[in-house]
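1. What follows is a protein structure lacking sequence information:
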């Protein structure tokens, strides 16, 4: 049982390390809320989400889930962006109208 827990822990740590390295190699995430004020949903997605979820929201096998065709409610998408999860970092600097535009773009990925 302890070996299983240890193996799962190492897998999670590996996924987080890969996500971190992907983000760092792409210049990092912008923490400046004003950076998104004039951007449309696809541009925000390209800058903040595509490096992990793919340019078209197709996901990266064994790393991140696809976003295309999931029919997620806007409220759930916004919460995930703001709060993050085990694998996904929180992006609290995307808020207001920029968050609305990004959530609508993600919801519309087909």
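-> Yes, it's here. No experiment lies behind these values; they were computed from the predicted model shown. Numbering: from 1, shown residues only.
2. what sits up against stretch 95-107?
-> Applying Cβ atoms under 8 Å, 6 or more residues apart in numbering, the contact partners of stretch 95-107 are 33, 36-37, 39-42, 44-45, 48-49, 57, 67, 71-74, 77-78, 81-82, 94. Every residue, glycine included, has its C-beta placed from N, CA and C.
3. Let's check: the centremost residue of this structure is which one?
-> Residue closest to the mean C-alpha point of the chain, counted by Cα atoms, centre = their mean, is residue 49 at 4.6 Å.
4. Next, the contact list for that one, please.
-> Contact partners of residue 49, counting by Cβ under 8 Å, 6+ apart, are 57, 67, 102, 106.
5. what's the closest of those to residue 5?
-> Among the contacts of residue 49, residue 67 lies closest to residue 5 (Cβ to Cβ), at 29.9 Å.
6. Would you mind giving both backbone torsions of the closest one?
-> phi -110, psi -20 (degrees, to the nearest 10).
7. Local confidence estimate at the nearest residue to residue 65 once chain neighbours are set aside?
-> Once flanking residues are discounted, residue 65 sits nearest to residue 59: 5.0 Å by Cβ to Cβ, 6 or more residues apart in numbering. On the pLDDT scale, residue 59 is placed at 92.
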